[in-house]
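>>> here is the input, now give the coordinates:
(one chain, ligands or ions: 1)
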Amino acid sequence: MIERYFATCPRGLEQVLAAELAALGGQSIEPVDGGVAFAGDQALCYAANLESRVASRVLWQVGQARYRSEHDLFDAARALPWPRLFDVGHTIRVNVSAIRSPVKSLDFVTLRVKDAVCDVFREQRGSRPDVDTQAPDVRIHAFLTRDEAVFYLDTSGDALFKRGWRAAGGDAPLRENLASGILRLTGWAPPTPLFDPMCGSGTFLVEAAMMALDVAPGLDRPFGFERLAGYDAGLWRTLRDKARARRRQLNRLPIYGSDKSGAVLGMARENLATLGLTDAVELKQMDVLDGGPPAAGGILVMNPPYGERLGGTDELAAFYPRLGDVLKQRYAGWTAYILTSDLNLARLIGLKATKRTPLYNGALECRLFEYRLVAGSLRRRKSAPADG
Ligand SMILES: C[S@@+](CC[C@H](N)C(=O)[O-])C[C@H]1O[C@@H](n2cnc3c(N)ncnc32)[C@H](O)[C@@H]1O
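Sure, this is the predicted structure:
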């Protein structure tokens, strides 16, 4: 049976997610701000959860209604067949989000939707599900626009960027799905070398290694759909076993990471070890301003510390021009991608960006700057005065 779904993702990655869903066989794919609507059968829903590197959640649309007031929203939720969708023994949590909705309080709507769900259960089953806002079995989402409400059941459970490989955090680790989306935007694929010289806990490195080895990101975690009515355990096992069997076995990958902090590198090492990738990725303790590249050319990707973490604007103002010089002088043949929320970087780094992509790291507006570091461009610049 064909159902409607909505996959959420970090803003700026909608097209990347749409391409992923199309490759998985999604139909009626429609990217909008913050996610992608699509249609498909239950197998596609499982596959999207298992395979998408960019989605944050996959929501299953279970109802839709026009509304004008909080009261209409209560009635709309009350009209849905909740007891046919999940068991009364499961705990629930309701989330409501809205764009241009006339309702005064989303907290109040959340409470009313929860009341409506519980009323339906009490009426049809004689008891109601308990609420657990921390670790619910079943998450119900309502999304409100100006005059329309859409109700969803979350088929993911924990957000999909929680892959299960992160043993250690580090200093402001990137979300796994944002890192993967950035890797897709760079167009990187082996055998091209990939280098993160500020690798922190190793998010880019681990996600890149998973891509290179064709490891499905959702192989080792539970999903919300396992708690929904109609869960097909056999279908899920088949999909997961197939994905597991596909993993490539390579001892070495052209993936390199470094960081100036030895302690942080220890975390990257721990994270790589969770997936058995300790020997596949080369790590080195190095200050990006001191060392050089691990290969003659490739893709460099990094997210430098934000202003406050580097110790203030002065330090940052000194760091970026030096980073720009290092890239210019030592990284000819590389294309560098730098993710930052600091839009001053563009001015301070002293290089001409060949592309700027707006991306959101949670609520934080960032840019992914692309710099093509061509050997000739440096020479041209140096000889420019003589050329007249
Ligand atoms: C924002 S964190 C990167 C987080 C990483 N992408 C992750 O997901 O864990 C920035 C990292 O840059 C490192 N760093 C700061 N200055 C550096 C320098 N001059 N050379 C190399 N690494 C540096 C810090 O130790 C920190 O781990």
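>>> need the residues of the stretch 51-200 of the chain near the ligand, please.
Within reach of the ligand by C-beta under 6 Å from any ligand atom, the stretch 51-200 of the chain has these residues: G170, D171, A172, P173, L174, P197, M198, G200. Bear in mind the C-beta positions are built from the backbone N, C-alpha and C, glycine included.
>>> pretty sure the second one is in contact with V264, am I right?
Yep, that's D171 we're talking about. Yes. Here D171 reaches V264: they are 6.4 Å apart, a contact under C-beta atoms under 8 Å.
>>> who's more crowded, the two?
V264 (21 against 14; other C-beta atoms under 10 Å).
>>> doesn't G200 make contact with that one?
Yes. Between V264 and G200 there is a contact at 5.5 Å, judged by C-beta under 8 Å.
>>> that older thread, any of the residues of the stretch 51-200 of the chain next to the ligand buried? List them.
For these, a burial check counting by 16 or more other C-beta atoms under 10 Å picks out G170, P173, L174, P197, M198, G200.
>>> helix, strand, or coil at the residue in the stretch 51-200 of the chain that the ligand sits nearest to?
Residue nearest to the ligand within the stretch 51-200 of the chain: G200 (2.8 Å; C-beta to the nearest ligand atom). Three-state call for G200 (DSSP: H, G, I helix; E, B strand; the rest coil): coil.
>>> isn't it right up against A263?
No. G200 is beyond contact range of A263, at 10.7 Å (criterion: C-beta under 8 Å).
>>> do you know the pLDDT at whichever residue of the stretch 1-150 of the chain sits closest to the ligand?
Nearest residue of the stretch 1-150 of the chain to the ligand, counting by C-beta to the nearest ligand atom: P10, 13.7 Å away. pLDDT recorded at P10 is 97.
>>> mind listing what it touches?
Neighbouring residues of P10 by C-beta atoms under 8 Å, 6 or more residues apart in numbering: V54, S56, R175, N177, L178, G181, L359, Y360, N361, G362.
>>> among the residues you listed, which are located in strands?
Judged by DSSP state E, the subset of the contacts of P10 located in strands is L359, Y360, N361.
>>> so where do the strands sit in this protein?
With DSSP E, the ranges of strands along the chain come out as 3-8, 27-32, 35-40, 57-66, 92-98, 138-144, 148-154, 194-196, 255-259, 282-285, 298-302, 334-340, 355-361, 364-373.
>>> tell me where the model's unsure across the stretch 101-250 of the chain.
Low-confidence segments of the stretch 101-250 of the chain, defined by pLDDT under 70: 170.
>>> now do the helices in it.
Counting by DSSP state H, counting those that start in this stretch, the segments of the stretch 101-250 of the chain that form helices are 106-125, 176-186, 203-212, 233-245.
>>> can you put the ones you listed in JSON lines and add mean neighbour count?
Formatted as JSON lines, the helices of the stretch 101-250 of the chain follow (neighbours: other C-beta atoms under 10 Å):
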{"stretch": "helix 106-125", "mean neighbour count": "17"}
{"stretch": "helix 176-186", "mean neighbour count": "24"}
{"stretch": "helix 203-212", "mean neighbour count": "25"}
{"stretch": "helix 233-245", "mean neighbour count": "13"}
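>>> which one of those lies nearest to D220?
Closest of those to D220 is helix 233-245, at 9.4 Å (criterion: C-beta to C-beta).
>>> how far does the closest one sit from its chain's centre?
For helix 233-245, the separation from the chain centroid amounts to 23 Å (computed by C-alpha atoms, centre = their mean, to the nearest Å).
>>> ok, back up a step: ok, and the most crowded of the contacts of P10?
Ranked by neighbour count (other C-beta under 10 Å), the contacts of P10 have V54 at the top, with 29 neighbours.
>>> pretty sure it sits against R11.
No. Taking C-beta under 8 Å as the definition, V54 is not a contact partner of R11, at 11.6 Å.
>>> re the thing from before, just put the helices of the stretch 101-250 of the chain in CSV and tack on distance to L289.
CSV is the format used below for the helices of the stretch 101-250 of the chain (distance: least, C-beta to C-beta, whole Å):
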stretch, distance to L289
helix 106-125, 47
helix 176-186, 23
helix 203-212, 19
helix 233-245, 41
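>>> which stretch among those helices comes nearest I140?
Closest approach to I140 among the helices of the stretch 101-250 of the chain is made by helix 106-125 (6.5 Å; C-beta to C-beta).
>>> tilt between the closest one and strand 148-154?
70 degrees (axes from the mean of the first three to the mean of the last three C-alpha atoms, to 10 degrees).
>>> residues contacting the most centrally placed residue in the chain?
The residue lying closest to the centre of the chain (C-alpha atoms, centre = their mean) is N177, at 2.1 Å. By C-beta under 8 Å, 6+ apart, the residues touching N177 are C9, P10, L13, S52, R53, V54, A55, S56, L160, F161.
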